[in-house]
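**Q** when you get a sec, could you give me coordinates for this:
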Amino acid sequence: MALIKSVRGFTPKFGKNCFLADNATVIGEVLMGENCTVWFNAVVRGDVHSIVIGDSTNVQDGAVIHGTYEKFNTIIGNNVSIAHNAVVHGCTIEDNVLIGMGAIVMDGAVIGEHSVIAAGAVILPGTKVEARSIYAGLPAKKVKDITPEMIEVIQRTGKNYPMYASWFRE
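**A** So this is what the prediction gives:
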């Protein structure tokens, strides 16, 4: 069973139909929308600042979501995919975004809607990622505008994770 822990008087709150893998960890001031999934070894740690996650968002294996004490909370929109081993820290991620495997999004960054942060990219503190763009590299820079095919990938990924979760509920 997932570790759900209260801290500093805050207990995580979950919308309907959320899935937490057996060894997922969700702590403190976390508000999660409906149809979200948090996968194996993922950590959503709202101990030092709040974390708000919209509907139909997936936090994949080994990902970490956190904030910075008294400075940066984390806000994640609807239909966001945070891929394996990504780090999302004290930032805002708008709707319909894909954060690639091993990517890092740092304090004060804002990721615009319908964007992709490539695998391994590092979004430096305070970076504003424009909507409908793909950022890659270290430090991450815009490499191109998003294509209709990539928008479909973002949508499909978001829709697939609740289906994957259903396999573990049987």
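**Q** what is the burial count for the nearest residue to Val105 once chain neighbours are set aside?
**A** Leaving aside its chain neighbours, Val105 sits nearest to Ile123 (4.4 Å; criterion: CB to CB, 6 or more residues apart in numbering). In short, each C-beta sits where N, CA and C put it, glycine included. The number of residues packed near Ile123 is 28, by other CB atoms under 10 Å.
**Q** thought Gly100 was touching Ile123, still the case?
**A** No: if you go by CB atoms under 8 Å, Ile123 and Gly100 don't touch, sitting 10.9 Å apart.
**Q** need the per-residue pLDDT for Met32.
**A** You'll see Met32 listed with a pLDDT of 98.
**Q** near it, how many other residues are there?
**A** Neighbour tally, Met32, other CB under 10 Å: 24.
**Q** and for the one 3 residues further on?
**A** For Asn35, the count of nearby residues is 22 (other CB under 10 Å).
**Q** quick one: it and Gly54 touch, right?
**A** No: applying CB under 8 Å, one finds Asn35 not in contact with Gly54, separated by 9.9 Å.
**Q** who's the residue most central in space within the chain bridged to?
**A** For the chain, Ile82 is the residue whose C-alpha lies nearest the centre (CA atoms, centre = their mean; 4.2 Å). Residues in a beta bridge with Ile82, per DSSP bridges, are Val59, Ile99.
**Q** and it, how far is that from Asp95?
**A** As for Ile82, its distance to Asp95 is 13 Å (criterion: CB to CB, to the nearest Å).
**Q** rewinding a little: contacts only, for the residue nearest to the centre of the chain.
**A** Ile82 is in contact with Thr57, Asn58, Val59, Gln60, Ala63, Ile65, Ile76, Val88, Ile93, Ile99, counting by CB atoms under 8 Å, 6 or more residues apart in numbering.
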